[in-house]
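Student: Predicted model follows, preceded by the sequence.
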Amino acid sequence: MDEDERADATGEGRLDGNALGGLLSGVFDRDVTEAPSECAHCGTVNVIAAMHAYTRAPGIVLRCPACGGVVLRIVETTEATFVDARGAAYIRLERTHR
Amino acid sequence: MARSIAWRLATVAAIRDETPTVRSFTLALPDWPGHRPGQHVDIRLTAEDGYSVERSYSIASEPERDGLVDLTVERIPDGEVSAFLHDVVVPGDRFEVRGPIGGYFVWEAPLGGPLLLVAGGSGIVPLMAMLRHRARAGSAAPTRLLYSSRGADEIIYRAELDALATDGSGLDVHHTLTRTQPPGWTGYARRIDERMLADVVEPIRPSTRVFICGPTALVETAANALVRLGLPAGQIRTERFGPTGT
């Protein structure tokens, strides 16, 4: 995999949660980029899109932009998807009216 | 909030060179639900042996074009997907697209202005969707664009930006060229910094909506400087670009 794509331009692996909308939609079955979530470490509420995303790891990590604490970790294996949400006090998903 | 975002098959309708290393691809997308300016899509390329790779690309076009979506892609040396798009793909080719994605880094005409857009390199792409939409919607929201490129021949959409900036709608375009400047260059000639941002946004209006897209260092420099200049952090939306492949 060419993790180095863009590496020169970014300097580091940090992105915005917004960039992971497609990948997260495969886990949550919807676009969660606008979903608010409370950081379990510092209590700050941010939408997923505004969190700091790290993708150059086994899986993806979302961190709180206020305190840097890990909010969400997602690892996909060939068998299953592991969602570690212990850093999120909650994630608010609006009911869909369709 | 939309239900799960479907993969659909896109057909390449046209390819256009923007700069020596940047190309735009017009995709025909049947049943495209429409997008909002600033959203992106994921592209999935799958080889015959089943190996597949995904990348995210911002949508460059305005939503007013029905069923057609432009992506503008910079060719990254050794970039698995961008090199394939540049070197292999021809009109008529098809690949999978998932989207539109993201409702956060979005501006639509009813939101109004003032608007400050800050771009580095191909970070102009989602901002261009906003500017094209602004023009098509007839918006007169006061808008300033500060756009950082390495050299004059690397400015993406240069002619179109020049035209938009002189159409009387209230768009100011400021360029900075960080590496090389042509003879007689009167724009900025350094990386974006606080002094440059202060020049461009002057006078500071706290109601300004800010969208910043580019490499991480540029995004963070600009966002931090704008907060120091007095813009509320909550009105500054950022999109750092980099690898999102799986």
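Tutor: That came through, no problem.
Student: When you work out contacts or count neighbours from here on, use the C-alpha atoms and nothing else.
Tutor: Noted.
Student: and B:R191, how many neighbours?
Tutor: 17 (other CA atoms under 10 Å in any protein chain shown).
Student: Look up phi and psi at it.
Tutor: phi -60, psi 150 (degrees, to the nearest 10).
Student: gap between it and chain A?
Tutor: Using CA to the nearest CA, to the nearest Å, B:R191 is found at 14 Å from chain A.
Student: ok, for that residue, nearest residue in space, not its chain neighbours?
Tutor: Setting aside the residues directly before and after it, B:R191 is nearest to B:T178 in space (CA to CA, 6 or more residues apart in numbering or on different chains), at 5.5 Å.
Student: Would you check that the one you found makes contact with B:A189?
Tutor: Yes. Counting by CA atoms under 8 Å, B:T178 touches B:A189, with 5.3 Å between them.
Student: re the thing from before, count the residues that sit near the residue nearest to B:R191.
Tutor: 16.
Student: Quick check: the gap between it and chain A.
Tutor: Distance from B:T178 to chain A, by CA to the nearest CA: 14 Å.
Student: any idea how far that residue lies from B:E160?
Tutor: Separation of B:T178 from B:E160 (CA to CA, to the nearest Å): 21 Å.
Student: for A:N46, same thing?
Tutor: A:N46 is 36 Å from B:E160, by CA to CA.
Student: Between these two, which has more neighbouring residues?
Tutor: A:N46 (18 against 11).
Student: Flag the shaky bits of chain B, pLDDT-wise.
Tutor: B:1-4, B:242-246 (pLDDT under 70).
Student: Does the residue nearest the centre of chain A belong to a helix, a strand or coil?
Tutor: Centroid check for chain A by CA atoms, centre = their mean gives A:L62 as the closest residue, at 3.9 Å. Put simply, A:L62 is strand when judged by DSSP: H, G, I helix; E, B strand; the rest coil.
Student: contacting residues for it?
Tutor: Neighbour list for A:L62: A:G17, A:M51, A:H52, A:A53, A:Y54, A:V70, A:V71, A:L72, A:R73 [criterion: CA atoms under 8 Å, 6 or more residues apart in numbering or on different chains].
Student: does the closest residue in space to A:T44 that isn't next to it in sequence sit in a helix, a strand or a coil?
Tutor: Nearest residue to A:T44, sequence neighbours excluded (CA to CA, 6+ apart): A:E38, at 5.6 Å. The three-state label given to A:E38 by three-state DSSP is strand.
Student: thinking A:E38 is in contact with A:R63, fair?
Tutor: No. The pair A:E38 and A:R63 fails to qualify as a contact (CA under 8 Å) at a distance of 11.2 Å.
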